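Novice: I need the structure of the sequence given here:
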Amino acid sequence: MTIQWFPGHMHLTRKAIAERVKEIDVVIELLDARLPGSSANPMLAELTAGKPALKVLNKQDLADPERTAQWLAHYNAQPSTQALGLDASMAAPARLLVQACHTLAPTRGSMAKPMRVLICGIPNVGKSTLINTLKGKRAAKTGDEAGVTKLEQRIVLADGFYVFDTPGLLWPRIIVAKSGYNLAASGAIGRNAFDEQEVALELLDYLRAHYATALEARYALTGAAGCSDEQLLESIGRKRGALRAGARVDLQKAAELVIHDFRAGVIGRMTLETPEEFAQWLAHGQTLDAQRQVKKDAIALDRAIRFKKVPRPERREPSEPED
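Specialist: Numbers count the residues shown, from 1 in each chain. Predicted coordinates for the structure are as follows:
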């Protein structure tokens, strides 16, 4: 199953960003440090193409520090791009962001030529919380579920420095299946768009391969790496008391518990993808998407022929073999 979520207000957000970006000097894209590739919006990359970009890996205190370093190097190697890590414990994030924006657009930032910055990213990645931290007061609404911010907000961060905060934006079709699961696990996708048990099993499949020790420590397990995903989910449910009548494990409650623990960071600091892994997933997704488009075009052509909207292609007779 491929997870998809693109509610109606995101169409309006896409149009608003397309208009706003014409007068923007720097685009700050907040990424989830636990899934920096999956949380990078390809549609946003198209909308903001050609603009200097600051990639901010937010929630880095929840992510694997070694992998965060890999992702920062990955993004810093891209043209007209800077990347930095950020988390709620940092005392003066405004200074870092302002300095990075001035580096990317050195001629902007005065009263005559104010710096105009667009902050965007996927839902529930921490944009509004960051805005409030920058301002030192509650300038933007916050919440612990996707889709809290619905309208663009203009905020004066300092003299000659304007910030535009936009609602969280996903993209109409997620072609990387693994990204859909990672986004759901992180809280970027509305709960009605995915099955918690399926997401928890995918999450455990990755964690037992890369963070088995952390799983064992959190849930008092042994041999986590050698268990199947289903066995692991059942063991966690039994250990944490997610039980039905007759001492049967409530897999739904167990799945919700695992997802909650991952989001809260209580299992440990972990990142669900490396730059190399994501590149492989993306290439595979693009191949499948191209194959899907070929099938879709063939079906559309067949329908057009049957309804006589286009002429049927002439059949060629096989050529006679030469003597």
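Novice: Output the below-cut-off pLDDT ranges for the chain.
Specialist: Within the chain, the stretches with pLDDT under 70 are 1-2, 137-152, 308-310, 312-323.
Novice: Give me the domain ranges for this protein.
Specialist: Listed by automatic domain parsing, the domain ranges of the chain are 9-165, 195-264, 282-308.
Novice: Please tabulate those in TSV and include mean neighbour count as additional columns.
Specialist: For every residue, glycine as well, the C-beta is placed using N, CA and C. Listed next are those as TSV, based on neighbours: other CB atoms under 10 Å:
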stretch	mean neighbour count
domain 9-165	18
domain 195-264	17
domain 282-308	11
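Novice: Can you say which of the ones you listed is nearest to Asn182?
Specialist: With CB to CB, the closest approach to Asn182 among the domains of the chain belongs to domain 9-165: 4.4 Å.
Novice: Check which helix or strand Lys55 maps to.
Specialist: Using DSSP states H and E, Lys55 sits in strand 53-58.
Novice: cool, and Ala209?
Specialist: helix 196-210.
Novice: what's in contact with that helix?
Specialist: Helix 196-210 is contacted by residues 1, 3, 178, 181, 184-185, 214-215, 224-225, 227, 229-230, 232-233, 236, 251-252, 254-256, 258-259, 262, 267, 270, 272 when judged by CB atoms under 8 Å, 6 or more residues apart in numbering.
Novice: which ones among those are found in helices?
Specialist: Under the assignment DSSP state H, the contacts of helix 196-210 contribute 178, 181, 184-185, 214-215, 229-230, 232-233, 236, 251-252, 254-256, 258-259, 262 to helices.
Novice: ok, now how distant is Val294 from Leu288?
Specialist: Separation of Val294 from Leu288 (CB to CB, to the nearest Å): 11 Å.
Novice: Need the overlap of contacts for the two.
Specialist: The contact sets of Val294 and Leu288 do not overlap (CB under 8 Å, 6+ apart).
Novice: if we can go back for a sec, now the helix holding Ala209 and helix 177-186, what's the angle there?
Specialist: Calculated by axes from the mean of the first three to the mean of the last three CA atoms, to 10 degrees, helix 196-210 forms an angle of 100 degrees with helix 177-186.
Novice: mind listing what Trp5 touches?
Specialist: So Trp5 contacts 146, 170, 189-190, 193-194 (CB under 8 Å, 6+ apart).
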